[in-house]
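Novice: sequence first, predicted model second:
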Amino acid sequence: MPPMKSVSEHTFHITTFGCQMNVNDSEKMCSLLCEAGWRWADQVADADLVIINSCAVREKPAQKIFSYIGRIPKGKRIVLAGCVAQSGGEALQKRQPRIDAVVGTHQYHRIVEIASALIFEEGSPDNLLDFSGEWRELVPSMTSRSSAFSAFVSIMEGCNNFCAYCIVPYTRSREKFRPYPAIEAEVRDLLEKGVKEIVLLGQNVNSWRDDSAGMDFVALLDRLSAMPIFWLRFVTSYPGYFAAKLVDLMAERPNIARLMHFPAQSGSTRLLKMMNRRYTRSQYLDIIERFYRKIPGMEFSSDFICGYPGETDFDHQLTLSLLEKVRYQSVFSFVYSPRPNTRASILRERLTLEEKKARLQELQAVQAGIQLKKHREMVGSRQRVLVTTAHPKSEGEWIGRTEQLRVVNLSGRFVPGEIAEVIISSAGPHSLRSGPART
Ligand code: SAM
Ligand code: SF4
């Protein structure tokens, strides 16, 4: 009998689809496997085990997972994790027999046990789709991060809102909050390691609270922004949970980045009601106004859904007018995609896919125009830029981003992680350029 290989001889690769929560979950699984002696493989072809961390928010990206699995070279063990795994369950293995284990969003703490069982051909462990109501600290100290100077810190998970179109409450279950001491410990550890930017993560970060510490989300930002964090960010904020004291706090804390992701989904109150979003157009605009009045440089980004069942052309025009009023820094826009179990999935759709796409294109064209105008207004201005990477295509050039997450192409000599002060010399709809002038 050949000697049994030790775990450390085995390699793994994780491919991540979807949101920053998924990226952060992949970092956690990576840290757990590395701590247990597994080795990371840069390429799928070099890995014994391939983990796919999937996203189910819209149908098309969810479908792509299956063609991706079909392209993985034979002979690998394959784990399907994430939201597609959670919503599709074990039935997915019938559809794609190459999947060895289907792991739900609350079972990542078992990734080492699962990986070893698959490699040593013990079969897939049980109960890999169970939810747990308690917050679980997965890794004592994260060893695998995608960036050395910018880090995600998750503070909550799940969602209680049940927007009529959204699968997240079914794939991530109800809200659970990370206790304050664990958040503070992780942030301190990151700062000691030289991290400059902290991004607090959760489906609805502004519903966070820690009852035993007597803290809500604004109290959390108050405590963390008193630490030497260069830029503190948080994503995503649900407009229905807005607290007026957040504006006051941000006005006095310049290290809380002046950009808030604040998904509107639609500019029509009628549609927002049908989507079960718990705010109106005027309430949303009133919040934006409060920030604009009190915080110079404040900007917003948003998500929009085009062609929701029952959306009229008038509703769509209201969405376009919201874009013009807010003048977003950027928007993520999607064609409505019916998702299993959601309330909207049984609604009759009157628009064809082409009609929905036409609305999406119109929205994107309006937003591109707004961005271009805003970017041109920035030409000649001085900006602080976090330098992230060398330009992949053009030698001697670098890529960085501003406080409001605008991509800046830089020429000159830089070091990744450096905060540079640059003058913007030209602008396009999606990025800025800084000339040689630099202090
Ligand atoms: N919790 C955040 C909020 O409520 O603002 C959003 C999180 S959700 C995972 C990310 C985005 O996906 C949503 O803001 C929405 O625009 C989009 N989305 C969710 N379900 C969708 C669907 N069925 N069709 C199209 N887009 C969808
Ligand atoms: Fe989905 Fe709505 Fe929850 Fe956001 S708030 S995750 S859109 S159900």
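Specialist: Good, I have the coordinates. These numbers were taken from a predicted model, which means no experiment stands behind them. Ligands and ions are numbered 1, 2, ... in the order given.
Novice: just the buried residues of the top helix by length along the chain, please?
Specialist: Using DSSP state H to define each element, the chain has its longest helix at helix 353-378. Neighbour counts over helix 353-378 (16 or more other Cβ atoms under 10 Å) mark 355-356, 358-360, 363, 366-367, 370-371, 374-375, 378 as buried. Where you see a C-beta, it was placed from the backbone N, CA and C, and this is true even at glycine.
Novice: got it, and stretch 387-406?
Specialist: 387-388, 398-406.
Novice: what residues does the stretch 201-350 of the chain put near ligand 2?
Specialist: Those residues of the stretch 201-350 of the chain that sit near ligand 2, judged by Cβ under 6 Å from any ligand atom, are 203-204, 238.
Novice: mind doing that once more with 5 Å?
Specialist: Taking Cβ under 5 Å from any ligand atom as the measure of proximity, the stretch 201-350 of the chain contacts ligand 2 at Q203.
Novice: can you give me the strands for the stretch 201-350 of the chain?
Specialist: Ranges of strands in the stretch 201-350 of the chain, per DSSP state E, counting those that start in this stretch, are 209-210, 215-216, 231-235, 259-261, 299-306, 330-335.
Novice: distance to E175 and mean pLDDT added to the ones you listed, as a markdown table?
Specialist: Formatted as a markdown table, the strands of the stretch 201-350 of the chain follow (distance: least, Cβ to Cβ, whole Å; pLDDT from 0 to 100):
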| stretch | distance to E175 | mean pLDDT |
| --- | --- | --- |
| strand 209-210 | 10 | 98 |
| strand 215-216 | 13 | 98 |
| strand 231-235 | 15 | 98 |
| strand 259-261 | 18 | 98 |
| strand 299-306 | 19 | 98 |
| strand 330-335 | 22 | 97 |
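Novice: with distance to ligand 1 added, can I get those in TSV?
Specialist: Formatted as TSV, the strands of the stretch 201-350 of the chain follow (distance: least, Cβ to the nearest ligand atom, whole Å):
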stretch	distance to ligand 1
strand 209-210	17
strand 215-216	18
strand 231-235	9
strand 259-261	8
strand 299-306	3
strand 330-335	4
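Novice: so for Q20, which of those sits nearest?
Specialist: The closest of those to Q20 is strand 231-235. By Cβ to Cβ, the value is 6.6 Å.
Novice: can you pull the buried residues of that closest one?
Specialist: Neighbour counts over strand 231-235 (16+ other Cβ under 10 Å) mark 231-235 as buried.
Novice: quick revisit: what angle sits between the longest helix of the chain and strand 299-306?
Specialist: 170 degrees (axes from the mean of the first three to the mean of the last three Cα atoms, to 10 degrees).
Novice: which helices and strands sit right next to helix 353-378?
Specialist: strand 299-306, helix 313-326, strand 330-335, strand 419-427, strand 431-438 (3 or more Cβ pairs under 8 Å, 6 or more residues apart in numbering; DSSP states H and E).
Novice: just these: most buried one?
Specialist: strand 299-306 (a mean of 22; mean count of other Cβ atoms under 10 Å).
Novice: which residues does that one contact?
Specialist: 165, 258-266, 275, 288, 291, 316, 319, 326, 328-336, 356-357, 359-360, 363, 404-405 (Cβ atoms under 8 Å, 6 or more residues apart in numbering).
Novice: how about the helices in this protein?
Specialist: Using DSSP H, helices in the chain cover 20-35, 59-71, 83-88, 91-95, 111-119, 168-171, 180-192, 217-225, 245-252, 269-274, 281-294, 313-326, 353-378.
Novice: out of these, which is the most enclosed?
Specialist: helix 83-88 (a mean of 24).
Novice: is it positioned near ligand 2?
Specialist: No. Figure legend: helix 83-88 not in contact with ligand 2 (Cβ under 5 Å from any ligand atom); closest approach 10.8 Å.
Novice: average pLDDT across the longest helix of the chain?
Specialist: Per-region confidence: helix 353-378 scores 97 on mean pLDDT.
Novice: how far off centre is that helix?
Specialist: Mean C-alpha position of helix 353-378 versus that of the full chain (Cα atoms, centre = their mean, to the nearest Å) differs by 22 Å.
Novice: can you tell if it touches ligand 1?
Specialist: No. Counting by Cβ under 5 Å from any ligand atom, ligand 1 has no neighbours in helix 353-378; the shortest distance is 9.8 Å.
Novice: and the angle from that helix to strand 330-335?
Specialist: 170 degrees.
Novice: circling back: ok, which of the helices of the chain comes nearest I346?
Specialist: helix 269-274 (13.1 Å).
Novice: what is that closest one packed up against?
Specialist: helix 281-294.
Novice: now do the helix it packs on: everything it contacts.
Specialist: 239, 242, 244, 247-248, 250-251, 260, 262, 264, 267-269, 272, 298, 300, 318, 322, 325-326.
Novice: how far does that helix sit from the chain's center?
Specialist: Put simply, helix 281-294 sits 24 Å off its chain's centre (Cα atoms, centre = their mean).
Novice: and what of stretch 422-430?
Specialist: Mean C-alpha position of stretch 422-430 versus that of the full chain (Cα atoms, centre = their mean) differs by 25 Å.
Novice: next: stretch 214-222.
Specialist: Worked out by Cα atoms, centre = their mean, stretch 214-222 lies 21 Å from the chain centre.
Novice: again with stretch 335-343
Specialist: 20 Å.
Novice: what's the span of it, first residue to last?
Specialist: 17 Å (Cα to Cα, to the nearest Å).
Novice: quick one: buried residues of that stretch?
Specialist: Result for stretch 335-343 [16+ other Cβ under 10 Å]: buried residues 335-337, 339, 342.
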